[in-house]
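*Asks:* No letters, just coordinates:
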């Protein structure tokens, strides 16, 4: 699909939905309404998406969202590559999800080549607040990423992880 078609099909309609609903309060009904109105503009989106205010999605045509997902206010998604969010995921406020980075060229990162890799968030996981999830990271099913953490590699399923960079803290298996 051409870039213009992607802009017209995914990006611009989603930005308009978010723009026109951001002034509404974040209560259950509005979170559901915002998610319902935004859901057609992702690569794939399940039922019962709930979206907080002031969320930014770049390249929503590369973002897949499962059923019963909650994304709190102020999150930033940069999908240069795929971002896959499985069912029943909770994403707290003010997180950054970025699937690419820059390389150094002639003493500057501005025009260096981009390196991209997908991000996957497993079923039933919880990303707390103010976390950064970088390219190539997978957060396993049923895992928790503690507040203010930076994930730059895989987090196993059923694990509590935290820190910068995030490391497993304890197993959540019962």
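*Replies:* Right, received. Where do you want to start? From a predicted model like this one, the values you see are computed outputs, not experimental measurements.
*Asks:* From residue 37, how far out is residue 9?
*Replies:* As judged by CB to CB, to the nearest Å, residue 9 and residue 37 stand 15 Å apart. Where you see a C-beta, it was placed from the backbone N, CA and C, and this is true even at glycine.
*Asks:* and what of residue 71?
*Replies:* From residue 71 over to residue 37 the distance is 14 Å, taken as CB to CB.
*Asks:* Between residue 9 and residue 37, tell me which one has more neighbours.
*Replies:* The residue with more neighbours, out of residue 9 and residue 37, is residue 37; 18 against 15, by other CB atoms under 10 Å.
*Asks:* Can you classify that one as helix, strand or coil?
*Replies:* Here residue 37 is recorded as helix under DSSP: H, G, I helix; E, B strand; the rest coil.
*Asks:* So it sits against residue 15, correct?
*Replies:* No. When contacts are counted by CB atoms under 8 Å, residue 37 is not listed as touching residue 15 (12.0 Å).
*Asks:* Neighbours of the residue lying closest to residue 104 once chain neighbours are set aside, how many?
*Replies:* Spatial nearest neighbour of residue 104, excluding adjacent residues (CB to CB, 6 or more residues apart in numbering): residue 112 at 5.4 Å. Look at residue 112: counted by other CB under 10 Å, it has 14 neighbours.
*Asks:* What of the one 3 residues further on?
*Replies:* Burial of residue 115 is recorded as 14 neighbouring residues (other CB under 10 Å).
*Asks:* Contacts only, for it.
*Replies:* When contacts are counted by CB atoms under 8 Å, 6 or more residues apart in numbering, residue 115 touches 100, 101, 102, 103, 135.
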